[in-house]
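> here is my input, please return the structure:
(one chain, ligands or ions: 2)
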Amino acid sequence: MTDAKKLFIKTYGCQMNVYDSERMAEAMGAEGYTLTEVVEEADMVLLNTCHIREKASEKLFSDLGRLRPLKDARPDLKIGVAGCVAQAEGAEIQRRMPLVDIVVGPQAYHRLPALVRGSGPQVDTEFPPEDKFDHLPERRALRGPSAFLTVQEGCDKFCAFCVVPYTRGAEVSRPVDRILTEARDLVSRGVREISLLGQNVNGYHGMGQGGAWTLGRLIRALAEIDGLARIRYMTSHPNDMDDDLVAAHGDVPQLMPYLHLPVQSGSDRILKAMNRKHTREDYFRIIDRIRAARPDILFSSDFIVGFPGESDADFADTLDLVRRVGYGQSYSFKYSPRPGTPAAEKPAVAPEVADSRLQELQALILDQQRARQEAMVGQEVTVLYEKAGRQAGQMVGKSDHLHAVHVNDPSGRIGELVRVRVLASSANSLSAVKIS
Ligand code: 5AD
Ligand code: SF4
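Ligands and ions are numbered 1, 2, ... in the order given. Next up, the predicted model:
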C-alpha cells in the first residue's frame, strides 16, 4: 500500500499514556494510517502529553517549536496534541502554537478520527457521557507479549501536589466484562503478560456479576484465562490494599511478586500536608501484610523531595523509611508546583536544598537497587522474552521481579517463558544463561 497515510506518535509520561497512544494508533489505523518512527515522513504527528511536573509540560512546547519547519514545508501535515496537557490547557495550546490542528483530551480520544477528518482547528477536551473504550477498534497487541490494559482512570485522592484528579477527572472503573473480553483478545493475539493500569488501580470497583468487583476479584478472574502467564498492576495507593488483594499475592501464581506502592515521603508531617491520609507506620504495616502473603515480593515507590515545608528532619525520615523498606527500585522527583493544586500556594523549599536532597535520595535508592540485583546472582529465575538483544543470539526480557534480563539463547523466541540462571548484575540489568 503506497498511499497509506503515516502517523508518528510521541508519548510522554506514564504507562497509561502508552496505552492511550496504542489505542489512538488503533483508532487511526481504522482510518488507513500506519505507524512510522520517522517524523519527516509522517502525514500526522501526535504528541501524547503529560502534565504531572512542569518539565514534562514544557517538553511539549519545545517539541512543537521543533516541528515548525516541517509544518512550514508541508502545511497539510496534521499536528495533534493529546493527553493531560491538552486537557489542562485546551484551546490555549492552539493560541500559543497555531501550528497545532487538533487538541484532544484523555477522555475524548475515541473522537480523534472525526477531529482529523474535520477542517480547521479542532479542540475536544470534554468528559463525554459515552465510554471511549466502547468506541475504539479492537486491540492489535502492538508491543509483543507484554501488554497494558487500562481498567480504571482518574483519581479521587487529591494529594495536595497532584494534577491527576483535575486532568483525568474522578475515578471511573471499566466494567468487568469489557476488561475480560479485552484481556482474552490480547491473549489470543499472543500476549502472555498483562499489566492492569489505573491512576489509582487498586481502588478499582468496576461492575461485574453480583455488583461492584474489587481488583483482587478481577485478578482472580483474569488468572482463569488460559495462556495468560503473568499479571501485574499499577499504580496503587497504600490505603487501598484490601485483604483480598493482599491475599491474592499469596495465592494467585500468575500475580507477579513486584508491587509499585508509592509513599512519596517518610515524614508523618509531610504525609499529612500532602493529604496522603496515612502515616509512615501505616505504610510499614501494609508492607508487612503483603510480605507475609508473598515473602519474596519486591517493592518500588515514588518519592517527592522538597515538598513545601519539608525540613531536614522530614527528609531524614524519608531516608530512614527507604532503608527500612528496602526497595527493588524507586523513582524520585523534585517537587514541582502545579497550577490549581493546593500545595502550589505554599512557599517552596530552596532549590539548592531540594537538589541536594534529591541526589542523596537517588544515591540511596540506587545502592538498594544494586544490592537487590546482586542478590539475584546465582539464582534461577523465569524470563518472558520481549525482544532480541543487541548482540547476536541474545534475547531480552523481564524476570518475575521485573528485572531486565539478557540471555544468550540463539533459538529463543519472543513470547517464550524460560528458566534461566543469573550470572551477573550490571547497572540496569541482569545477564543469565538458559537452564536446559
Ligand atoms: N511534583 C513532583 N512530583 C510529582 N508527582 C506527582 N505530582 C508531582 C509534583 N507536583 C510524582 C509523584 C507520583 C508520580 C507519578 O509523580 O511521586 O507518584
Ligand atoms: Fe495523584 Fe496518585 Fe495522589 Fe491520585 S493518588 S492524587 S494520582 S499522586
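> tell me which parts of the stretch 51-200 of the chain are close to ligand 2?
With C-beta under 6 Å from any ligand atom as the criterion, the stretch 51-200 of the chain meets ligand 2 at residues Cys155, Lys157, Phe158, Cys159, Cys162, Val164, Pro165, Gln199, Asn200. C-betas here are computed from N, CA, C, even on glycine.
> what about the closest residue to Leu77 other than its chain neighbours, which SS state?
Once flanking residues are discounted, Leu77 sits nearest to Lys71: 5.4 Å by C-beta to C-beta, 6 or more residues apart in numbering. Per DSSP: H, G, I helix; E, B strand; the rest coil, the local secondary structure of Lys71 is helix.
> ranges for the strands of the stretch 151-300 of the chain?
For the stretch 151-300 of the chain, the strands defined by DSSP state E, counting those that start in this stretch occupy 152-153, 172-173, 193-197, 207-208, 211-212, 230-234, 258-260, 298-305.
> out of those, deepest packed?
strand 152-153 (a mean of 24; mean count of other C-beta atoms under 10 Å).
> so what strands line up beside that one?
When pairing is defined by DSSP bridges, strand 152-153 lines up against strand 172-173 (antiparallel).
> who touches the partner strand?
Residues outside strand 172-173 that contact it (C-beta atoms under 8 Å, 6 or more residues apart in numbering) are Val151, Gln152, Glu153, Gly154, Gly198, Gly203, Tyr204, His205, Gly206, Met207, Ala212.
> and if you look at stretch 62-74?
With contact meaning C-beta under 8 Å, 6+ apart, stretch 62-74 is reached by Lys10, Val39, Glu40, Val45, Leu47, Leu77, Ile79, Val81, Met97, Leu99, Val100.
> report the lowest-confidence entry in the residues you listed.
The lowest pLDDT within the contacts of stretch 62-74 belongs to Met97, which sits at 92.
> surely that one and Leu47 touch.
No: using C-beta atoms under 8 Å as the test, Met97 is too far from Leu47 to be in contact (10.5 Å).
> between those two, who's got more neighbours?
Leu47 (24 against 18; other C-beta atoms under 10 Å).
> what's across from the residue of the chain found nearest ligand 1 in the sheet?
Closest contact between the chain and ligand 1, by C-beta to the nearest ligand atom, is at Asp302 (3.2 Å). Going by DSSP bridges, Asp302 is paired in beta bridges with Tyr331.
> state the pLDDT value of it.
We have a pLDDT of 98 for Asp302.
> got the contact list for it?
Going by C-beta under 8 Å, 6+ apart, Asp302 touches Thr235, His260, Pro262, Val263, Gln264, Ser330, Tyr331, Ser332, Phe333.
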